[in-house]
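> quick one, structure for this:
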Amino acid sequence: MGLIENLAGKNKVMNVGVDAILRNPNQPRKIFEEAALLELAESIRSCGIIQPLTVRKLNDNTFELIAGERRLKAAKLIGMKEVPVLVMNVNEDASALIALIENLQRKDLTFFEEAVSYDKLMREFAYTQDELAFKLGKKQSTIANKLRLLKLSDETKARAVEFGLSERHCRALLRLEQEEQRLKVLNVILQRNLNVAETEQFIDRMLHETVSRQKKEKRMVPLFKDIRIFSNTVKQAVEMMNKAGVSANSKKSETEDYIEYVIRIDKPQTV
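Modelled structure (predicted):
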């Protein structure tokens, strides 16, 4: 028997005023589709709330929502004054876990909301990745992969959610270190409607081109160093001739393709 069933067996169902139920600060779900919410409201109007909301008692007059925010919102839309709730005797730690588990089991969260929830639980309750994975019945690697998604910028995450990109699309973007590159690839994905495999191939080519360019630039550094040495040698040679009484000067011109030095040495005047 799971965490929720164990706790539910020890608690009771009662009716509570909707205004007495506070939102759970650890609610992982942030996006509620209006059309789906209105549909749920009409269902509740016709059939009532079949599954009670889950709350915990804060004091004699106030409860904190653990699970069932959509049902609470829908009930308020149709003007319900009271809703059935299951009152659980749990602390904030367990409340946060139950809220997350309920959303995960219903598959109501985006992968970014899931990642934010993992991060928040680990920070607020000092869980390690292994401990959180054990409590949620997941692999540690699953937790780690979700947390890595938080490295993406807010802009990238927002656009990924807006256009319905998959988690694998977003993990592919993490292979790019610079935000400018990620946004460039994101635009290409959206413009060309690339699937995951095509996205990974495009990123492979981009990374290969970057490595090749860096190698070329690395080879050019010694070359430019040698050119500077040669330029200094020309300058020193002209200075030495002038000191020795030989009139000489040099003229430098440069294009995209070459550097040109013209050295002029005046012949000694004959009497």
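> now for the closest residue to residue 80 other than its chain neighbours: which residues touch it?
Excluding the flanking residues, the one nearest residue 80 by Cβ to Cβ, 6 or more residues apart in numbering is residue 18, at 6.3 Å. (Each C-beta comes from the backbone N, C-alpha and C, glycine too.) By Cβ atoms under 8 Å, 6 or more residues apart in numbering, the contact set of residue 18 is 72, 75-76, 80-83.
> narrow those residues to just the buried residues.
When the contacts of residue 18 are checked for burial by 16 or more other Cβ atoms under 10 Å, the buried set is 72, 75, 80, 83.
> in JSON lines, list these along with distance to residue 194 and pLDDT.
JSON lines is the format used below for the buried ones among the contacts of residue 18 (distance: Cβ to Cβ, whole Å; pLDDT from 0 to 100):
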{"residue": "72", "distance to residue 194": "40", "pLDDT": "91"}
{"residue": "75", "distance to residue 194": "42", "pLDDT": "93"}
{"residue": "80", "distance to residue 194": "46", "pLDDT": "93"}
{"residue": "83", "distance to residue 194": "45", "pLDDT": "93"}
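> and which of those is nearest residue 147?
Of all these, residue 72 has the smallest distance to residue 147: 29.3 Å, by Cβ to Cβ.
> that closest one touches residue 65, doesn't it?
Yes: using Cβ atoms under 8 Å, residue 72 makes contact with residue 65 at a distance of 6.3 Å.
> quick check: end-to-end length of stretch 157-166?
By Cα to Cα, to the nearest Å, the extent of stretch 157-166 from end to end equals 11 Å.
> now do that stretch, average pLDDT.
The average of the pLDDT scores along stretch 157-166 is 91.
> now, which of the buried ones among the contacts of residue 18 lie within strands?
If you go by DSSP state E, the buried ones among the contacts of residue 18 have residue 83 in strands.
> name the nearest of the buried ones among the contacts of residue 18 relative to residue 14.
residue 83 (10.1 Å).
> report the separation between the closest one and residue 178.
Computed as Cβ to Cβ, to the nearest Å, the residue 83 to residue 178 distance reads 49 Å.
> quick one: low-confidence parts of the stretch 151-271 of the chain?
212-229, 269-271 (pLDDT under 70).
> where do the helices sit along it?
Ranges of helices within the stretch 151-271 of the chain are 154-162, 167-173, 179-192, 196-243, based on DSSP state H, counting those that start in this stretch.
> I'd like to know which of the ones you listed lies nearest to residue 250.
That would be helix 196-243 among the helices of the stretch 151-271 of the chain, by Cβ to Cβ, at 5.0 Å.
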